[in-house]
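Student: predicted model, plus sequence, below.
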Amino acid sequence: MSVRRHVYVKQWWTLPGVEARALEAAIALGVDRAKVYAPVDTGRLKASIRRENKDTFGSSVRYAYYQETGHTYTSFTPFLEPALKDVAEAMPGIYRRAILGMR
């Protein structure tokens with residue numbers, strides 16, 4: 001005999017701990033994906049990608065901005081924008097795992 005319990009929450013993302021777990025997972029995924037998309041010449045840009053504060057990630061090297069957006073004399077290879085797109089696509093699964101992790 002199995003017992004199932006259903007809890008209907010209008011705003012499930014406000015459950016205690018769900019948002020924090022989802023944010024941690026989203027930032028970790030963003031950092032990983034940005035490192036995949038980062039162009040590698042010396043490896044300095046890729047190595048500098050990390051979490052910057054509570055809810056952002058990026059790179060601290062001076063040329064990261066120009067690599068992302070381009071410059072008059074150089075072409076650009078965005079690495080943060082595609083990483084953010086990957087995170088946005090993964091958000092439903094991230095929240096699902098955060099909720100299931102609350103058991």
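Tutor: Nice, I can see it.

Student: can you confirm Glu68 is in a strand?
Tutor: No. Using DSSP: H, G, I helix; E, B strand; the rest coil, the assignment for Glu68 is helix, not a strand.

Student: so what's it up against?
Tutor: Glu68 makes contact with 76, 78-81 under the criterion Cβ atoms under 8 Å, 6 or more residues apart in numbering. Every residue, glycine included, has its C-beta placed from N, CA and C.

Student: including distance to Asp55, secondary structure and pLDDT, could those residues go into JSON lines?
Tutor: Below are these laid out as JSON lines (distance: Cβ to Cβ, whole Å; DSSP: H, G, I helix; E, B strand; the rest coil; pLDDT from 0 to 100):
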{"residue": "Phe76", "distance to Asp55": "25", "secondary structure": "coil", "pLDDT": "82"}
{"residue": "Pro78", "distance to Asp55": "20", "secondary structure": "coil", "pLDDT": "87"}
{"residue": "Phe79", "distance to Asp55": "19", "secondary structure": "coil", "pLDDT": "88"}
{"residue": "Leu80", "distance to Asp55": "14", "secondary structure": "helix", "pLDDT": "87"}
{"residue": "Glu81", "distance to Asp55": "17", "secondary structure": "helix", "pLDDT": "90"}
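
Student: give me the buried positions along the lowest-mean-pLDDT helix or strand in the chain.
Tutor: The helix or strand of the chain with the poorest confidence is helix 64-69; it has a mean of 84 (mean pLDDT, DSSP states H and E). For helix 64-69, the neighbour count (16 or more other Cβ atoms under 10 Å) marks 64, 67-68 as buried.

Student: next: stretch 69-84.
Tutor: 78-80, 83.
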